[in-house]
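J.: heads up, no residue letters with this:
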């Protein structure tokens, strides 16, 4: 694992809002997944996952990336002047 960590100093988790409430954060390169009911518990869960997965050897930054969608609904009759 230490050989792998030689060049890695940043992890990026993408945050998804769960339908039933709460959040899921997924890191795509190592497949780490963390869940939390709110932002504070999610941050704690991400920290725990990183420490556990890398057995305390990771030193760097972790980004929690969140996307917000804006949804537009367009009806067929709206396209005509």
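T.: Perfect, I can see it now. Model, not experiment: these values are computed from the prediction.

J.: gap between the longest helix seen in the chain and the chain center?
T.: Longest helix in the chain, counting residues (DSSP state H): helix 39-53. Offset of helix 39-53 from its chain centre (Cα atoms, centre = their mean, to the nearest Å): 11 Å.

J.: Mind checking what helix or strand follows that helix in sequence?
T.: Counting by DSSP states H and E, the element after helix 39-53 in chain order, helix or strand, is strand 61-66.

J.: Which neighbouring elements make contact with that following strand?
T.: strand 10-17, helix 39-53 (3 or more Cβ pairs under 8 Å, 6 or more residues apart in numbering; DSSP states H and E). In short, each C-beta sits where N, CA and C put it, glycine included.

J.: State the mean pLDDT of that strand.
T.: In this model, strand 61-66 carries a mean pLDDT of 96.

J.: which residues are contacting it?
T.: 9-15, 25, 42-43, 46-47, 50 (Cβ atoms under 8 Å, 6 or more residues apart in numbering).

J.: That'll do, ta.
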